[in-house]
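1. Could you look at this predicted model? Sequence included:
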Amino acid sequence: MEEKGIKGLLIDYEYCTGCYTCVVACAQEYNWPEGISGIKVMEIVENLPGGKHYLVYLPFPTEVCTLCASRTKKGLEPACVKHCMAGCMKYGTISELAEEMGTKKRMVLYRPR
Amino acid sequence: MKRKERKLIKTTTWSAGPGCHGGCGVIAHIEDGRLIKIEGDKEHPWNQGRLCARILAMKQYIEHPSRLRRPMINTGERGKGKWKEVSWDEAFDYIEKKMKAIRDEYGPESMIFAMGTGRDIGPWICMLAYAYGSPNVMFALSGNACYSPRIAALDTFQGDYCVFDAAQWLQKRYDEPRFKVPECMIVWGYNIHATCPDNLFGHWIVDLMKRGTKIISIDPRLSWFASRAKYWLRIRPGTDSALAMGFLYVIIKEGLYDKNFLNNWTNGAHLIRKDTNKLLRESDIIPEGKNDNFVAWDEKEKRPIVWDTSILEYRPYVKSPMITGNCKIKTIDGKLVVCHTVWDAFCKKVFEYDPEKVSIITGVPAKDIIEAARFYGKGKPASIHWGVPIDMTPNITPLCHAIASMWALTGNLDIPGGNVFSRFAFDAVAYALPGAEGVIKLKSKEQDLPRIGADKYGPFRKFIWRCQTDTAFEQIFTKKPYPIKGMWIQTCNPLAGIGMDPKKWEEALKRLDFVVGVDLFMTPTMEYADVVLPAATFLEKDGVRSWWVPLQSINKALSVNECKSDAEINFELAKRFDPDFKWNTLEELFDEIIKPSGLKFKELKEKVWVFPPEGHPSHPYHRHEKGLLRPDRRPGFQTPSGRFELYSILREEWGLEPMPFHEEPPFTPISRPDLAKDYPLILSTGRRSPVYFYSEHRMIPWLRHLDPDPVVEIHPETAKEYGITNGEWVFVENWMGRARFKAKVTPVVPQWMVMAAHGWWFPEKKGEENELYGVWESNINQLIPMNAHGKDGLGAPIKHLLCKIYRA
Ligand code: SF4
Ligand code: SF4
Ligand code: SF4
């Protein structure tokens, strides 16, 4: 039963623009000093055949991400999800998110610490 | 323990502090007068709850220990940093006395009022300058090369500015049934990291992509858009006008243009004399004919007909005159002159740019040009978003003419999902801007006479009410035709950001008798002021915004020490300079600005935003058809001919090329092979950082941590060639100077180009004793000259210079 309620973050990395909003939204919410945040964003330049490249930004929840327990219990969205400029983050139960993941490519589902 | 009371204040972001181009709806959480946090307003149709990193770092901005909090007077030599805190009264008295002395001795025009990029500074700096009596408001960028050139260009050809449509005019946005998602969108010289350019919200494009829009990206860098584009055209910087002509070539040759738009809404049928290559005017063929009426050819009756610009009809009435072909017409001096149509002349010009030739100029494969042009031409609807690189080239106006002709000829102008006219909400205009007069204006036409550059450059007489920056800058040194004695510099940082050739700016500042600075932090530029006044962020002020739609209010949420808003500062001094100053309070002025909306400022504050109703000229679509654009309410555009001008009447009158064309910029490997021998790489500058706004924000820890160093992007092969490894410090150098950057070795740039970040100075370093926060270490503008603007005084070569690189 409990398994069903487990929460996670679904990221559509096709649309993540590397705006760093999530990083600062988390820092603001929890007053983290610079350098610490519940999420980190990586820039990845993929080398593809034929001299082509694909530029990806990938957010990654860190050890301090609590999935915004303090906010979600009040019915609020996590701070990063709410502010994400590309609207490419989603918070929900792992099972819902996994289902959604089946409907679109370039997705990653996280269950942080 | 009693919980503190938390107030939630809804407001609009738009300000220097924190460098917001504006429009986002936010909710400020305030306790005991302090900002606890800032959140996006989900209800707000603009950003729908989203916010950028810069605004989410507002708490660190507002409470930053080195924010300016009290007025200061410089007690020593300028640049040495001998500052004394004074009261506002003392500061105002001092400024009043000094500036009045300059005005008495040299006239008000000898004082320049310099501002940085738009935000909400324009109205207030104009208010002050005009109350003082000076027309010399300066946007301190060479060639005024940010936004106003594009606005002036569109005003020239199509009478009103337009932007891509993301249903931003409509409360329900994408859910509004009238709106259509564009099939194709050209993103021209723009990357997503410039979150809110040109009074837009960049991520609207992401919203459209999710709804099915396919992208054509025009960019030398592999930008976020380029990476996701259906077509990515990796263009050589500075050749955009050739590419746009290539697009037009394909669109016209393949018949992808909208014949109805061409016949009914352009001046394509008007005649050009082949003997003079000028428009045939009514005054050429009828003795009492008017110079501002034009002529077309009635094929059926074989006779000339007059396009009467006072009624926007042909006399005698003909629905569709000849659009292509020659005719012979007798002029009043008895000559028989051969004429052809504007459309023929336009096509002839365009046909000089076949895809093969354009490919050689731009470096984009011909096949890609053809396919992308077809995709745009067939997209129903299709739109174009252009970034500031369009302004940052001397050939700016012909480039805009070519691009505007693309959306016009494909019938994408003011249709849902196309490029849509962006008028000020309710036509509420605060101050003199291209195409609009505004509430804040100079008292008389005479006062405008000494405005620098207006005598030389047509667009500065018709659309741009600032001085031409390079000309004004030179005048500081030449003192001709009159001396410049002082400068009021407000939220503007020419030594670190907006100034090209910044060491010469330092020299210029030294030559002035009196400099006032207004800013939120000490900056390299502020070190050269005699007085520095502390400005407020948007959370600390009231204001109104009508940059495009909706009409919005900025609602004060808190105060920080003695900081005052730019409006308050300038209002107080304006009253002191002008005994007839019209308004008693700022609120009266806000009321007058928003009067066309029927609201009082107090009422707007309650609503925070309001949309103009259907049928209003600031509400879309099809406004040229409905007669909503022109003061006389006749269907058409606000141009001299009342039509979209493929051949520009104003440009002809200004002695400039009336039709679009490509011209190689001044410092490229093609135009200057001599320089390219020593400086073999193309230097492009100014790519955006997601966490900074130009030269701002380097002192905000949350943001600086994410983008800590000035970076130059170098292709891996190029890095190998010069023995440079990732993360190493390098010099970027040319004949003007050099600057130091950290190498980021990455294939996002082509091998032949490096991209250097702009706006760098180091607030953590010393400002006094002329150390200026290390501004000369990594300021890329030291490699960019002033005075390389286009023939119409606009544009600057900021995206395409030459350089070499080597390890530091
Ligand atoms: S979910 Fe909350 S805690 Fe986790 S990264 Fe996002 S804002 Fe931080
Ligand atoms: S806020 Fe969203 S778009 Fe921005 S970096 Fe984070 S995940 Fe990506
Ligand atoms: S996107 Fe622009 S207007 Fe919106 S908060 Fe960020 S800087 Fe301000």
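-> Ah, there it is. Ligands and ions are numbered 1, 2, ... in the order given.
2. low-scoring stretches of the stretch 651-800 of chain B, by residue?
-> For the stretch 651-800 of chain B, applying pLDDT under 70 flags no range at all.
3. residue boundaries of the helices in it?
-> Shown for the stretch 651-800 of chain B, the helices assigned by DSSP state H, counting those that start in this stretch span residues B:673-678, B:701-704, B:716-721.
4. you'd agree B:Asn734 is up against B:Pro785?
-> No: with contact defined as CB atoms under 8 Å, B:Asn734 does not count as touching B:Pro785 (9.8 Å). Every residue, glycine included, has its C-beta placed from N, CA and C.
5. Can you name the next helix or strand after whichever strand or helix holds B:Trp505?
-> In this assignment (DSSP states H and E), B:Trp505 forms part of helix B:502-511. Per DSSP H and E, the first helix or strand lying C-terminal to helix B:502-511 is strand B:514-519.
6. What strands flank that following strand, and is each parallel or antiparallel?
-> strand B:486-490 (parallel), strand B:531-534 (parallel) (DSSP bridges).
7. returning to what we had before: please identify the deepest-packed of the helices of the stretch 651-800 of chain B.
-> Ranked by mean neighbour count, the helices of the stretch 651-800 of chain B are led by helix B:701-704 with a mean of 22 (mean count of other CB atoms under 10 Å in any protein chain shown).
8. Next one, pLDDT for B:Cys162 please.
-> pLDDT, B:Cys162: 97.
9. Next, the contact list for it, please.
-> B:154, B:407, B:413-414, B:419-422 (CB atoms under 8 Å, 6 or more residues apart in numbering or on different chains).
10. Make a markdown table out of those residues and add secondary structure.
-> Output for the contacts of B:Cys162, formatted as a markdown table (DSSP: H, G, I helix; E, B strand; the rest coil):
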| residue | secondary structure |
| --- | --- |
| B:Leu154 | helix |
| B:Trp407 | helix |
| B:Leu413 | strand |
| B:Asp414 | coil |
| B:Asn419 | strand |
| B:Val420 | strand |
| B:Phe421 | strand |
| B:Ser422 | coil |
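11. Out of these, which comes closest to chain A?
-> Nearest to chain A, judged by CB to the nearest CB, of the contacts of B:Cys162 is B:Ser422 at 21.6 Å.
12. Please name the nearest non-neighbouring residue to the closest one.
-> Nearest residue to B:Ser422, sequence neighbours excluded (CB to CB, 6 or more residues apart in numbering or on different chains): B:Trp548, at 4.3 Å.
13. give me the number of residues near the one you found?
-> By the criterion of other CB atoms under 10 Å in any protein chain shown, B:Trp548 has 21 neighbours.
14. and it, what is it in contact with?
-> By CB under 8 Å, 6+ apart, B:Trp548 lies in contact with B:163, B:168-169, B:199, B:422-425, B:618.
15. Confirm that it sits in a strand.
-> No: under three-state DSSP, B:Trp548 falls outside any strand and is assigned coil.
16. and it, how far is that from B:Met736?
-> Distance of B:Trp548 to B:Met736, given as CB to CB, to the nearest Å: 37 Å.
17. cool, B:Asp240 as well?
-> On the measure of CB to CB, B:Asp240 and B:Met736 end up 24 Å apart.
18. Could you check the pLDDT of B:Arg119?
-> B:Arg119 carries a pLDDT value of 83.
19. Could you list the low-confidence segments of chain A?
-> By pLDDT under 70, the low-scoring segments of chain A are A:1-4.
20. hmm, 90 instead?
-> For chain A, residues meeting the criterion pLDDT under 90 lie at A:1-5, A:113.
21. which parts of it sit against ligand 1?
-> Contacts of chain A with ligand 1, taken as CB under 6 Å from any ligand atom, map to A:25-26, A:29, A:38-39, A:61, A:65-68, A:78-80.
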